[in-house]
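**Student:** Could you look at this predicted model? Sequence included:
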Amino acid sequence: MVSFKILAGGFDVFVATYVFNTATSSLTLQSTSPTGPSPSWITRNPFNRSLLYAVNELDPNGGLQSFAIQPDGSLSAPIDTVSSGGGNPAFVTTLSSGSVAVMNFFGGNGRIIPTTSKGTKFDASAPIITFPPPVGGVSHPHMALELGGEVLVPDLGGDKIWRLKENPITGAFGIQGFIPQPLGSGPRHIAFFNNRLFTIHELSSTLSVQTLPPLPNGTSTTFSSISITPPNPPPGALFAGAEILIPPPTPRFPTPLIYVSNRNTGVQAPDGEGDSIAIFEHVNQGRPDLGERLVLVKQVFTGLDQIRGMEFGNVLQGTDEFLVAGGVAGTAGVVILKRTEGGRNLEIVARNLDVPTRSTFIWL
């Protein structure tokens, strides 16, 4: 098999379906499926792989929709729609229970919504979780990551990573504690790998690695915090960290590496080099004598404008060497990059310009 389908959400009124041919290194827009407005973040049901969830990133009233993924990679009409409980839901993910977590960037809140009818329907009675704002500021929850028996929510406005736990009696989630982050850093997205918590900070454009402290508010050790911005930025550039991916090691890529996207929300370079994806390695874990830290491996420029989301392929399909990415500004479309040098570098192998911007991806 050499052709693979990719779903892509964005700030429009549809989800796009692309076909990537590995033999010819071609990326083709196959179709666009109508949705509600601004399906900026999409995710797949882990138990029913033919079921898709998409946010409606609107302010002040965001939404969440469910769709069936058809055999040809297009989407059905919306099956169900529910309020996200706040404004500009910027992220959605599914939990191991089958519930769907949606976080409202402008609402300062989120919902963890149980599903019924094999995941197709939402429980509209799910409560809203409100995150306390910082003094003189506002809360901006930006992601949710299930980890063990809790859900971690980075709060870009509050400089915290909230820790949510489920009430065993009511089934509702509530705040149990938080992991403080540097003031003004703006934690956006997180990943957990090899007993370490990795955080991409949007406002400071840094990547950090720390221990996961005991609940609720235990002490954490931060081993390293490093800039992710590329050197020699163009005049007027304003970088803001966005996505973080740590693909699991495989025989082809045995060294775990960290891939983070830089969004230049200011002036782009005139040569069209666009935003970069920075590759890092986490070295000397558990070796205080050598110094546990993050090391920059490579900055790879993509030609994209404001990369928001990106996604690696599936090792079971043999597409784990490929990364799809898109920007939410400009007209650079969608690119496919291939991991080279054991993952320590990336090269662009395909680009499609049919849809100018995209913000999130799923490999089918």
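**Tutor:** Nice, I can see it. Numbering: from 1, shown residues only.

**Student:** list the contacts for Val283?
**Tutor:** Leu290, Glu292, Arg293, Leu294, Val295 (C-beta atoms under 8 Å, 6 or more residues apart in numbering). For glycine as for every other residue, the C-beta is placed from the backbone atoms N, C-alpha and C.

**Student:** actually Pro356, sorry about that
**Tutor:** Gly330, Thr331, Ala332, Gly333.

**Student:** what does Arg263 give?
**Tutor:** Phe239, Ala240, Gly241, Ala242, Asp275, Gln306, Ile307, Arg308, Gly327.

**Student:** where does it land on pLDDT?
**Tutor:** At Arg263, the model reports a pLDDT of 94.

**Student:** One more: Asp271?
**Tutor:** On the pLDDT scale, Asp271 gets 89.

**Student:** From Ala278, how far off is it?
**Tutor:** 19 Å (C-beta to C-beta, to the nearest Å).

**Student:** Which one of those two is surrounded by more residues?
**Tutor:** Taking other C-beta atoms under 10 Å, Asp271 and Ala278 do not tie; Ala278 has more neighbours (24 against 9).

**Student:** Quick check: nearest residue in space to Val2, chain neighbours excluded?
**Tutor:** Among residues not flanking Val2 along the chain, Ala23 sits closest, at 4.2 Å (C-beta to C-beta, 6 or more residues apart in numbering).

**Student:** no wait, Val334
**Tutor:** Gly326 (4.5 Å).

**Student:** Point me to the helix or strand that includes the one you found.
**Tutor:** strand 322-329 (DSSP states H and E).

**Student:** now for that strand, which elements pack on it?
**Tutor:** strand 3-9, strand 14-21, strand 258-264, strand 305-312, strand 334-340, strand 360-363 (3 or more C-beta pairs under 8 Å, 6 or more residues apart in numbering; DSSP states H and E).

**Student:** same thing but 6 Å
**Tutor:** strand 305-312, strand 334-340 (3 or more C-beta pairs under 6 Å, 6 or more residues apart in numbering; DSSP states H and E).

**Student:** what does that strand rub up against?
**Tutor:** Residues from elsewhere that reach strand 322-329 (C-beta atoms under 6 Å, 6 or more residues apart in numbering): 6, 304-308, 310-313, 334-338, 357-359, 361.

**Student:** If you go by neighbour count, which of the contacts of Val283 are buried?
**Tutor:** Neighbour counting by 16 or more other C-beta atoms under 10 Å classes Glu292, Arg293, Leu294 among the contacts of Val283 as buried.

**Student:** Adding pLDDT, secondary structure and distance to Asp12, write those out as JSON lines.
**Tutor:** Formatted as JSON lines, those follow (pLDDT from 0 to 100; DSSP: H, G, I helix; E, B strand; the rest coil; distance: C-beta to C-beta, whole Å):
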{"residue": "Glu292", "pLDDT": "97", "secondary structure": "coil", "distance to Asp12": "43"}
{"residue": "Arg293", "pLDDT": "97", "secondary structure": "strand", "distance to Asp12": "41"}
{"residue": "Leu294", "pLDDT": "98", "secondary structure": "strand", "distance to Asp12": "36"}
